[in-house]
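> Give me a model of this one.
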Amino acid sequence: MVSSISASELSKLISSGRNVDLIDVRTPVEYREAHVAIAKNEPLDQLDPKAIQAARSGSSGDPLYVVCRSGNRSRQACDKLLSYGIANVVNIEGGTIACEAAGISMVRGKKGVPLTGQVQIVTGLTVLAGAIATLVSNNPYWLVLPIFMGSGMLFAGLTNTCGLAMVLARMPWNQVKSHSVPAVQSSAAAKTCDTKGVKCCS
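Prediction:
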């Protein structure tokens, strides 16, 4: 069973000065655009529980908090981590969107198209292309395109797993060079920034 906390609860944990181990499982491009200041990027499609556990050798018993854009991918990541044997994993409800609304310190960079938006664009274009091709050619076989995409979206909704999103996440435009990703602040640094009232994460 995956545990979860709200973004406001996460904010209180960070403000308390406690060490908060937080990973962001969105694509590098989404992470670069805006992420919680203390979050480390561990994309869902590349998630390596063994490496994460090894990196946490000194704090393996502490909670591992997981965040994404809105909470769906982070739940998948939590399930994967739990299956590996990392027991104390906590999903952040509402994801980065909720964290920003809760006033948690954010790091911002170059904007990109969110993965959910990319899925919608590809799905819409495929359905539109299939419909237009059917009308123009008067060939019903083109309807296989919208039927296939519609079935895929139905499956994604029922299982909370989107194959198209996983494929798109691996595309070159969703990757960034390591030096182009903003440096991650520690939770203590984020707290210092907030308490001094300095806007250091804009």
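> I'd like the mean pLDDT over the helix ranked longest in the chain, please.
Longest helix in the chain, counting residues (DSSP state H): helix 115-137. Confidence over helix 115-137 (mean pLDDT, whole number) is 92.
> tell me which strands and helices that helix is in contact with?
helix 144-159, helix 163-169 (3 or more Cβ pairs under 8 Å, 6 or more residues apart in numbering; DSSP states H and E). (Glycine included, C-beta is placed from N, CA and C.)
> Mind putting these into JSON lines with mean pLDDT, mean neighbour count and distance to residue 45?
Output for these, formatted as JSON lines (pLDDT from 0 to 100; neighbours: other Cβ atoms under 10 Å; distance: least, Cβ to Cβ, whole Å):
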{"stretch": "helix 144-159", "mean pLDDT": "88", "mean neighbour count": "13", "distance to residue 45": "15"}
{"stretch": "helix 163-169", "mean pLDDT": "83", "mean neighbour count": "17", "distance to residue 45": "4"}
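> for these, which one sits closest to residue 30?
helix 163-169 (9.3 Å; Cβ to Cβ).
> Contacts for that closest one next, please.
By Cβ atoms under 8 Å, 6 or more residues apart in numbering, the surrounding residues in contact with helix 163-169 are 27, 43-45, 115-116, 118-119, 122-123, 152, 155-156, 174.
> ok so, going back, alpha carbons of the longest helix of the chain, as PDB, please.
The C-alpha coordinates for helix 115-137 follow below in PDB (Å, rounded to 0.1, in the frame of the first residue of the first chain):
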ATOM      1  CA  LEU A 115       4.400  14.800 -21.300                       C
ATOM      2  CA  THR A 116       0.700  14.800 -20.800                       C
ATOM      3  CA  GLY A 117       0.400  17.600 -23.500                       C
ATOM      4  CA  GLN A 118       2.600  15.600 -25.800                       C
ATOM      5  CA  VAL A 119       0.300  12.500 -25.400                       C
ATOM      6  CA  GLN A 120      -2.700  14.600 -26.200                       C
ATOM      7  CA  ILE A 121      -1.100  16.100 -29.300                       C
ATOM      8  CA  VAL A 122       0.000  12.800 -30.700                       C
ATOM      9  CA  THR A 123      -3.400  11.200 -29.900                       C
ATOM     10  CA  GLY A 124      -5.300  14.100 -31.400                       C
ATOM     11  CA  LEU A 125      -3.300  14.200 -34.600                       C
ATOM     12  CA  THR A 126      -3.600  10.400 -35.100                       C
ATOM     13  CA  VAL A 127      -7.300  10.400 -34.600                       C
ATOM     14  CA  LEU A 128      -7.700  13.400 -36.900                       C
ATOM     15  CA  ALA A 129      -5.500  11.900 -39.500                       C
ATOM     16  CA  GLY A 130      -7.400   8.600 -39.400                       C
ATOM     17  CA  ALA A 131     -10.800  10.400 -39.700                       C
ATOM     18  CA  ILE A 132      -9.600  12.700 -42.600                       C
ATOM     19  CA  ALA A 133      -8.000   9.700 -44.500                       C
ATOM     20  CA  THR A 134     -11.300   7.800 -44.100                       C
ATOM     21  CA  LEU A 135     -13.400  10.600 -45.500                       C
ATOM     22  CA  VAL A 136     -11.000  11.500 -48.400                       C
ATOM     23  CA  SER A 137     -10.300   7.900 -49.500                       C
END
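> Alright, I will stop here.
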